Each structure stands twice: as C-alpha cells, then as structure tokens.
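Novice: Sharing a sequence plus its predicted fold:
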Amino acid sequence: MTEMAGKVRLYMSMSVDGFITGPDDGPDRGLGVNGERLHAWLGDGGADPVSHRPTGSGANAEVFDEMMATGAVVTGRRTFDHAGGWAGDHHNGVPVFVLTRSVPDEPPTGHVRYVTDVRSGVALAREAAGGRDVMMHGAAAAVACLAAGQLDEIELHVVPVLLGQGRRLFDGLPPDQVELELLRSREGSGVLHLRYRVIGGGRS
Amino acid sequence: MSSIRVDMTMSLDGYVTGPDDGPDAPMGTGGFRLFNWLDEPWPPRR
C-alpha cells in the first residue's frame, strides 16, 4: 500500500447496550422497532443518505461531512437491502461494494458492485477510493472485515439509550481479543462520536 | 438525596467478563483485560 492510501473506517450508530437496530428489522423496517432512535442525531431527510445532514456546524455535522467525503463504500448485503440499496448511490456517486455470499441474478443499479470475498472486496474499495477514506457500513461486514484483519478504524456514534433488544454490532466475533486505541472523542448534541484504531487490523 | 449509580467496566462490544466465567475464573477467559485501566500502563507491553 502507498502512503496515499486512505483508511477503511466503520461508521455505525450504536446504543449504549450495543445495538444498531431495534428488534424485528427487515426490508420494510431497516432499523427495527423504534430503531430510528439511533438516527435521531441525524437530520430529517429522505431515502438519500446525503439528505440527513445534521443542521448547524457542530460535531454532528462535521462527523457527517467526514463520512460523506469518503471515496468508496463497503457494506454488507443485509444493510444494503434494508436500505433499499440507496437507489444505487450512497453519496456523490462513489462506488459501493456490497459483500454478499450469493450475487443476485439481476445486475446492480447505479454505482453498486457485488463482491463475494472480503479481502479482495476491501482491496477494490481502497483502490477505487483513490486515496480518500473508505466508509464501511453494517454489522456483518464489520465482523467479517475485523476477522479478516481488513478494518483500519471504527467510528461509533454512541447514542444514550438502552434499546434492550435488536441486532448487535459486534455479534459473532471469534473469542480473540481485538485491541483498540481511542483516536478521537467528540461530543455532539445527543450523541458521542468515538473513533478507534484497530490495533493489528487493516494496514496499521 | 444520594444517587444509586451502576459502576461497571465494559468492553466496547458490551461484555463485563470473558467467556466461561465462574467461581474459579471470576472474569472469564482473558477478562482481566477489562481491569487494565485500574493499574496497568497503556499500551500494554507485549
């Protein structure tokens, strides 16, 4: 890898008890029952992620802008499907790589490409990002990339709520401990943004 | 009035012990990592 290469960074909103959705998430209810609470720090918007920019110029808006400045997206299939595939464009037309076990018959729309291998998929995303950072999204993708040593950083938007039930972010990790180093802590309105480096992960 | 406050050391993925905790391994396998902040230098020596 060159000095110019960007970081692969997981971005996820998580409750204090570790959930990224409420219970019963599905294509019609991507965040599960009452899971929208996790996105309350974002602005109101529509299906287009870019439309959810928090108002003002505080930490929430700055973190959001960093997310939208990434040069490629890597996401899991479930997250992708539950989000309606972002109509083929997550933000600014950057390439979207969807990790999946089985590639659908119908061709992907927009800037989407299906990939079946974690390592080569992440490598493609790094290359496509052209020196910018890569945004990763989704719990299964995160766990797969952590296990494969392909994740550089984790940016958690920790929301002060206990959801009690739902889909956990770090479910199914092997028992090996993964050490993290806190790189940054930013307090936004109604959310705490924590950025960690994965020690021994990615290119670190 | 005083407050009742839960005070727990927790990993980022929400665990308060490692696996297989019990009377002989109160913090489970590898779980004492959670208490490094009490007296260990950071980063841990390798």
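Specialist: Arrived safely. Numbers count the residues shown, from 1 in each chain, chains lettered A, B, ... in the order given.

Novice: hey, let's count contacts and neighbours off CA atoms from now on
Specialist: OK.

Novice: pLDDT-wise, which helix or strand of chain A ranks last?
Specialist: helix A:77-82 (a mean of 92; mean pLDDT, DSSP states H and E).

Novice: Report pLDDT for the residue sitting nearest the centre point of chain A.
Specialist: Geometric centre of chain A, nearest residue: A:His137, 2.1 Å, by Cα atoms, centre = their mean. Confidence at A:His137, expressed as pLDDT, is 96.

Novice: same deal with B:Pro43?
Specialist: Taking B:Pro43 on its own, its pLDDT is 67.

Novice: same deal with A:Asp28?
Specialist: Listed pLDDT for A:Asp28 reads 87.

Novice: How many residues are close by it?
Specialist: 11 (other Cα atoms under 10 Å in any protein chain shown).

Novice: That one and A:Asp81 touch, don't they?
Specialist: No: if you go by Cα atoms under 8 Å, A:Asp28 and A:Asp81 don't touch, sitting 9.8 Å apart.

Novice: Quick check: residues of chain A near chain B?
Specialist: Within chain A, the positions adjacent to chain B are A:17-18, A:169-170, A:175 by Cα under 8 Å from any Cα of the partner chain.

Novice: sorry, back to before: run me through the strand neighbours of the helix or strand following the least confident helix or strand of chain A, direction for each.
Specialist: Moving toward the C-terminus from helix A:77-82, the next helix or strand (DSSP states H and E) is strand A:96-99. Using DSSP bridges, the strands paired with strand A:96-99 in its sheet are strand A:72-76 (parallel), strand A:112-115 (parallel).

Novice: How about residues contacting strand A:96-99?
Specialist: Contacts with strand A:96-99, where a contact means Cα atoms under 8 Å, 6 or more residues apart in numbering or on different chains, come from A:72-77, A:80, A:88-90, A:111-118, A:121, A:125, A:141.

Novice: Out of the strands paired with strand A:96-99, which one sits most buried?
Specialist: strand A:72-76 (a mean of 27; mean count of other Cα atoms under 10 Å in any protein chain shown).

Novice: before we move on, the earlier item: hmm, which of the residues of chain A next to chain B are the buried ones?
Specialist: With burial judged by 16 or more other Cα atoms under 10 Å in any protein chain shown, the buried subset of the residues of chain A next to chain B is A:17-18, A:169-170.
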